[in-house]
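J.: Next one to model:
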Amino acid sequence: MLVMGIHGGEKLEQEDDPAGYSHHDGAAVLIRDGEVIAAIEEERLNRVKHSNCFPARAIQYCLQQGNCTLRDIDFIATNTSEFHADSGARYAVMENPRDMRAPDGRSHFSSMFQKAFGIDVRDKIYFCHHHYAHAWSAYLFSGFKTSLVFSVDGDGDGCSGMVMVADGRQLRKLQDFKISQSLGQMYEKLMRMVGYDRFDEYKVMGLAPYGRPEKFRKLFQQCYKLLPDGNYRLEPLMNWFATLDTEGLTVQARRKGDPFLQVHKDFAAALQEMTETIAMHVLRHYREVTGEKRLCMAGGVAHNCSMNGKILYSGLFDEVFVQPAAHDSGGALGAAMAACYEKGAFASPGKLAHVYWGSAIGANRDVEIALEHWSGFLKYERVPDIISKTAKLLAEGAVVGWVQGRSEFGPRALGNRSILADPRPTVNKLRINEMVKKREEYRPFAPSVLKERIGEFFEVLPGQDEFPFMSFALQVRASAQELLGATTHVDGTARVQSVSRSSNPKYWELIREFERLTGVPVLLNTSFNNDAEPIVDSVDEAVGCFLTTGIDYLVVGDYYIQKKSPEETRRAVLTTVPGMPPSRKLVKRTRAQFKSSAAETYFAIESAKSPHFATPSYEISSEMFQVLQGANGLDSFQALMRRFGVEGDKTDRLLSEMMELWSKRILYINREVPAKRELLEFAISSRRLGSKISIATP
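T.: Numbers count the residues shown, from 1 in each chain. Below you'll find the model as predicted:
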């Protein structure tokens, strides 16, 4: 049986959706007889962070991996109940009198596939309650026979969380929590006090250890109450802000870009403490009434690794499993598994060993062909022992982009799409935050440690010594905190990944080789991306990030890659073909000028998506507008400038503007159009034979 699970919005990536807010983190999953064949988030493919588009690219990827078509799929599962799908469809039709779709969830859902793929899937649709999807995604991959299950997020299908007991092939609901009790929504709204917005929760979690929760503990306790039987109450948001205002805090709210004051750090600490206190209150009660010794968690709030660490160390449970794609993307996985179970093709997958279900970089030949497209920018060579080479670079202090095998499903880079460095020098944290991530200097990085050695560096409990998914903040042993200066947070914790030889042999061998050189079986590991894009997925995206950040070296497969000089890079940009993502568009606008009745004309690249998902508008020069307006997917940047009479100083200025747009991922540059694969293969072969054949680019 073939089952596809999906999560995402209604709009295609090229369609305007300026007010879009929900259905973010779109994804698709393909399962054959209970085994995951492929799983990928839409953002990895359409390059829109937290994409709320219909996951057309992710669906297509899964079909390719399964060597099948939509007609071959038995069921298409989605992580919402039919009741709420019907309600949403009726609301959409009422909102738009021109919407001619039938006002029911099945027709509404099917129409998205009709629009994207031209196929009717109405009879294949399987609806799964949002929180049951989260629960199945955690329990079925935990390896536990029985378990308490806690699904906790912002909202879904009318509630913000649910506690269940899982026993074999059954989920039994014990309690659900109303939207008014949403820990996810409350965290999101209150963190605006420290200058953060949606999708920034992990930043607040990282800031919290710098603060003193006791500073605002009593204030927070005025706004929530722990109730009997594991229940709780949150005051309405307006009451929260009235309380904050009375205490004089709203005038001290940090705005984006402002420095962090101690009041902001203390507020973050109190917010984090409240979240942990409520979660522990819920779990303590249900642990007592059910007697369950194991816990599974999913939902967006389950990505709070500091909270997870507190639960782990509390001693309430013998074992705790957090589904690594705990947010709504993972709901696609849970919905698909629920369909497998209900429709009779259920096979328990057992304990989850890895999530390398995304795009593959291909064989060495494929990698070399991809790199040859970038030969104007790069020097590369295939190295017989790439592990030894990379370990030596890391031991010497280099920051290395590391791309191997299939990409990871979920928000964490787990050794296949990673930026790696020596975990010892504290300066490495500051260095990578500044030169690659372009983010706040306080933000911590994760350590990857050999599974067999984790207990030497981190406090682990008996029977709980595997942490392959960076889901828990573990206490770093006192003896190792100074040693692991770049990966130990200010509170002495670290978001640890234990690396198993069986699940990722190449990464395991790299860490072991680094240990041979340094005596430390640990590497600093962070996701391979800058602040403007999702984690890289393809070789081209890895190269683009490498070229527009301060990463020292890039390793893809068995290839060692260096940058050419800045001047060579600028010249190479001239030969590339500029392109714009489907989710962006060129615009010419007018606006009123201050103290003038005349209107000002300006040019910009705008996003079709909500500002929650992309920079809404980025102004460009009139010359850049003209050049991009003439772009046809064939002519090089240099050819376009010549066509429109851009010369002299304007050439350098426009080239710098192009580099800036590329580094911010507002535009992309394409190396693939000028040369066919056959020509590239011929050039590669000729180079190996010592010929000086080159490939012309426009």
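J.: quick one: contacts for K650?
T.: E623 (CB atoms under 8 Å, 6 or more residues apart in numbering). For the C-beta atoms, the positions are set from N, CA and C on the backbone; glycine is no exception.
J.: mind checking how far it is from G579?
T.: K650 sits 22 Å away from G579, going by CB to CB, to the nearest Å.
J.: Please apply the same query to H24.
T.: From H24 over to G579 (counting by CB to CB), the distance is 25 Å.
J.: and what of I278?
T.: 47 Å.
J.: These two: which has the busier surroundings?
T.: Neighbours of I278 and G579, each counted by other CB atoms under 10 Å, are more numerous for I278; the result is 24 against 14.
J.: is it true that the more buried one touches L227?
T.: No - contact criterion CB atoms under 8 Å: I278 and L227 do not qualify, at 10.4 Å.
J.: What is the biggest strand by length in the chain packed up against?
T.: Ordering each strand of the chain by length in residues (DSSP state E) puts strand 146-156 first. Strand 146-156 makes packing contacts with helix 130-139, strand 159-167, helix 183-190, helix 262-290, strand 294-298, helix 328-342 when contacts are defined by 3 or more CB pairs under 8 Å, 6 or more residues apart in numbering; DSSP states H and E.
J.: show me what contacts the residue nearest the centre of the chain?
T.: By CA atoms, centre = their mean, the chain has its centre lying nearest to P411, at 3.5 Å. If you count contacts by CB under 8 Å, 6+ apart, P411 has them with H303, A325, H327, S527, I535.
J.: again, only using 7 Å
T.: Listed by CB atoms under 7 Å, 6 or more residues apart in numbering, the contact partners of P411 are H327.
J.: Give me the local confidence score for it.
T.: On the pLDDT scale, P411 is placed at 95.
J.: Please apply the same query to Y341.
T.: Looking at Y341, its pLDDT reads 84.
J.: Next: L679.
T.: 45.
J.: I387 now?
T.: The model's pLDDT for I387 equals 98.
J.: Tell me the buried residues in the helix or strand harbouring it?
T.: Using DSSP states H and E, I387 falls within helix 386-395. Residues of helix 386-395 classed as buried: I386, I387, K389, T390, A391, L393, L394, A395 (neighbour count, 16 or more other CB atoms under 10 Å).
J.: do stretch 452-463 as well
T.: Buried residues in stretch 452-463, counted by 16+ other CB under 10 Å: R453, I454, F457, F458, E459, V460.
J.: Stretch 286-299 now?
T.: Y286, R287, T290, E292, R294, L295, C296, M297, A298, G299.
J.: quick revisit: could you point out the helix or strand that follows the helix holding I387?
T.: Toward the C-terminus from helix 386-395 - assigned by DSSP H and E - lies strand 400-403.
J.: Parallel or antiparallel, which strands does the helix or strand following that following strand pair with?
T.: The helix or strand immediately downstream of strand 400-403 is strand 417-421, counting by DSSP H and E. Strands that pair with strand 417-421, judged by DSSP bridges, come out as strand 400-403 (antiparallel), strand 522-527 (antiparallel).
J.: now strand 417-421 against helix 386-395, angle please.
T.: Orientation of strand 417-421 against helix 386-395 (axes from the mean of the first three to the mean of the last three CA atoms, to 10 degrees) gives an angle of 50 degrees.
J.: Dump strand 417-421 to PDB, restricted to CA.
T.: Extracted in PDB, the C-alpha atoms of strand 417-421 (Å, rounded to 0.1, in the frame of the first residue of the first chain):
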ATOM      1  CA  ARG A 417      23.600  19.400   5.400                       C
ATOM      2  CA  SER A 418      25.800  20.900   8.100                       C
ATOM      3  CA  ILE A 419      28.300  23.600   8.800                       C
ATOM      4  CA  LEU A 420      31.100  22.100  11.000                       C
ATOM      5  CA  ALA A 421      33.800  23.500  13.200                       C
END
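J.: Other residues contacting it?
T.: Contact with strand 417-421 is made by 394, 399-403, 407-408, 428, 432, 436, 486, 523-528, 535-536, 551, as judged by CB under 7 Å, 6+ apart.
J.: one more time with 6 Å, if that's ok
T.: 399-403, 407, 428, 523-526, 528, 535-536 (CB atoms under 6 Å, 6 or more residues apart in numbering).
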